[in-house]
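Q: fold the stuff below for me.
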Amino acid sequence: MKIFSLNDWEPLSEVIVGRADFAYIPPPDPSMKNFMYANLTYHEISKYVGPYSDRVIDESNQDLEDLSDKLKELGVKVYRPKQIKHDATIVTPYWKTTGWHNYCPRDIFLILGTSIVEVPSVMRCRIFETWSYDDILHEAFDDGAKWFSAPKQRYKEESFNFDDLTKPTLMNEEILFDAPNVVRLGMNLLYQVSNSGNEKGAKWLQSMFPEYKVHVERDAYSGAHFDSTVVPLREGLVLFNGHRVSPDKYPKIFEKWDKIFFTDFFDSQSDSSGISSNAIGMNLLSVTDDLVIVDGNQTELIKTLLRYGIESIPMSMRHQRTLGGGFHCVTLDLKRG
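A: Have a look, this model is predicted:
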């Protein structure tokens, strides 16, 4: 396994696809409220705690299997994490919680060239999620990959502030960010400051990887991950969520790129515990710069992409809003180009 990936559009040859087995909604705490349910009280959140339904897990696993089979059919080598039980109690000297799931490998790892970075995820329940990928990480390391792990999170109470929900609720007390807060553009990294990534995260990333240029974006979208807001499709062409950015306000690193401002999302359904908006339909996976895997319900998006010479493979990810991940989230490209 030779890790190498600098962007999201060059030909994909090796990838991780997540699992939904034993997915579990953890008990409420500030980090969970920050990422999942910032507008709810802890009492309101508590009614969701426990395992996801068998239907959600079984149908999600079937969709992930179908995705894996399609990628293999396209000549892509697929890796899968180990099954682990996420309801186990996690105890530290300062707090306790449970796990969540390993449905979204994209959230917790950042691939930068030949390096794998275990990012300092913004949720307590994800602190040991990387363990289910140990076999894959060790194989990559043994074959020459550089393996980094960010400073261990404390998840202090003061790291979260819910006084003004129009601004990021993640404070700057410690280094915290999820990998989808970073858009990879070769040796340029666009870093979103939001509820899932703070300023210290950008500073740490720049200090660890000085060969890259980290461009900090503070104004585009203060919610969670960036990959349902900004999707580079190929060199010089970017897909934007037109509800969040506009021709007058977008990350200026794309000033010379052709831009698609898309707003016509299909309103897919979600269980009441769902954490993602219908913009998750924009969360596509590029196989090459002219072929993507996309939610089959997003017919208007498929038509739009075709006008720019990009073919789509329509597939199903039925519980992407409930579990919080579309085709980009549930995968992690290990090798492109």
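
Q: all helices of the protein, in order?
A: In the chain, the segments counted as helices under DSSP state H are 30-35, 42-46, 54-73, 134-142, 199-208, 299-307, 320-323.

Q: so which bits of the third one are buried?
A: Okay, so that is helix 54-73. 56-57, 59-61, 63-64, 67-68, 71 (16 or more other CB atoms under 10 Å). Bear in mind the C-beta positions are built from the backbone N, C-alpha and C, glycine included.

Q: next, the contact list for the closest residue in space to residue 75 that isn't next to it in sequence, please.
A: For residue 75, ignoring the flanking residues on the chain, the nearest one in space by CB to CB, 6 or more residues apart in numbering is residue 13 at 7.3 Å. Each residue near residue 13 by CB atoms under 8 Å, 6 or more residues apart in numbering is listed here: 75-77, 335-336.

Q: let's have these in TSV, adding distance to residue 122 and pLDDT.
A: Formatted as TSV, the contacts of residue 13 follow (distance: CB to CB, whole Å; pLDDT from 0 to 100):
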residue	distance to residue 122	pLDDT
75	35	98
76	29	98
77	30	98
335	27	98
336	26	98
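
Q: these, buried ones only, as a ChimeraX selection?
A: Command for ChimeraX that selects the buried part of the contacts of residue 13, burial taken from 16+ other CB under 10 Å:
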select :76,335,336
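
Q: re the thing from before, rebuild the buried residues of helix 54-73 as CSV, extending it with distance to residue 122 and pLDDT.
A: Below are these laid out as CSV (distance: CB to CB, whole Å; pLDDT from 0 to 100):
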residue, distance to residue 122, pLDDT
56, 23, 95
57, 24, 96
59, 27, 96
60, 22, 97
61, 26, 98
63, 26, 98
64, 24, 98
67, 26, 98
68, 28, 98
71, 28, 98
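
Q: need the contact list for the residue nearest to residue 179 when sequence neighbours are not counted.
A: Nearest residue to residue 179, sequence neighbours excluded (CB to CB, 6+ apart): residue 110, at 4.1 Å. When contacts are counted by CB under 8 Å, 6+ apart, residue 110 touches 116-117, 119, 179, 182.

Q: tell me the most packed of those residues, by neighbour count.
A: If you count neighbours using other CB atoms under 10 Å, the busiest of those is residue 119, which has 27 neighbours.

Q: that residue reaches residue 178, doesn't it?
A: Yes: proximity of residue 119 to residue 178 meets the contact threshold set by CB atoms under 8 Å, at 6.1 Å.

Q: pLDDT wise, what is residue 165 at?
A: Reported pLDDT at residue 165 in the predicted model: 87.

Q: ok, residue 41 next?
A: Value for residue 41, per-residue pLDDT: 88.

Q: separation between it and residue 219?
A: 29 Å (CB to CB, to the nearest Å).

Q: same deal with residue 113?
A: 28 Å.

Q: then residue 116?
A: Going from residue 116 to residue 219 by CB to CB gives 30 Å.

Q: what is the neighbour count of residue 215?
A: 16.

Q: re the thing from before, now, the most widely separated pair of the buried residues of helix 54-73?
A: The largest separation in the buried residues of helix 54-73, counting by CB to CB, is between 56 and 71 at 22.4 Å.

Q: just to revisit the earlier point, residue 113 and residue 219 - which one has more neighbours?
A: Comparing residue 113 with residue 219 by other CB under 10 Å, the one with more neighbours is residue 113, at 17 against 11.

Q: let me see the contact set for residue 78.
A: Contacts of residue 78 (CB under 8 Å, 6+ apart): 15-17, 68, 71-72.

Q: partner residues bridging it?
A: Legend: beta-bridge partners of residue 78 under DSSP bridges are residue 15.

Q: which regions of the chain sit below the pLDDT cut-off?
A: Residue ranges of the chain with pLDDT under 70: 269-273.

Q: buried ones in stretch 243-256?
A: Residues of stretch 243-256 classed as buried: 244-245, 250-251, 253-254 (neighbour count, 16+ other CB under 10 Å).

Q: tell me which of the residues you listed is nearest to residue 315?
A: Using CB to CB, residue 244 comes nearest to residue 315 of those, at 24.5 Å.

Q: surely the closest one and residue 229 touch.
A: Yes: counting by CB under 8 Å, residue 229 is a contact partner of residue 244 at 4.9 Å.

Q: which residues do those two both contact?
A: Counting by CB under 8 Å, 6+ apart, the residues touching both residue 244 and residue 229 are 220-221, 279.

Q: quick check, nearest of the residues you listed to residue 239?
A: Once CB to CB is applied, the member of the shared contacts of residue 244 and residue 229 that ends up nearest residue 239 is residue 279, at 11.4 Å.

Q: the strands in the stretch 151-300 of the chain, which residues?
A: 182-185, 188-192, 213-217, 230-234, 237-241, 258-262, 285-288, 291-295 (DSSP state E, counting those that start in this stretch).

Q: out of the ones you listed, nearest to residue 32?
A: Judged by CB to CB, the one of the strands of the stretch 151-300 of the chain that comes nearest to residue 32 is strand 188-192, at 20.0 Å.
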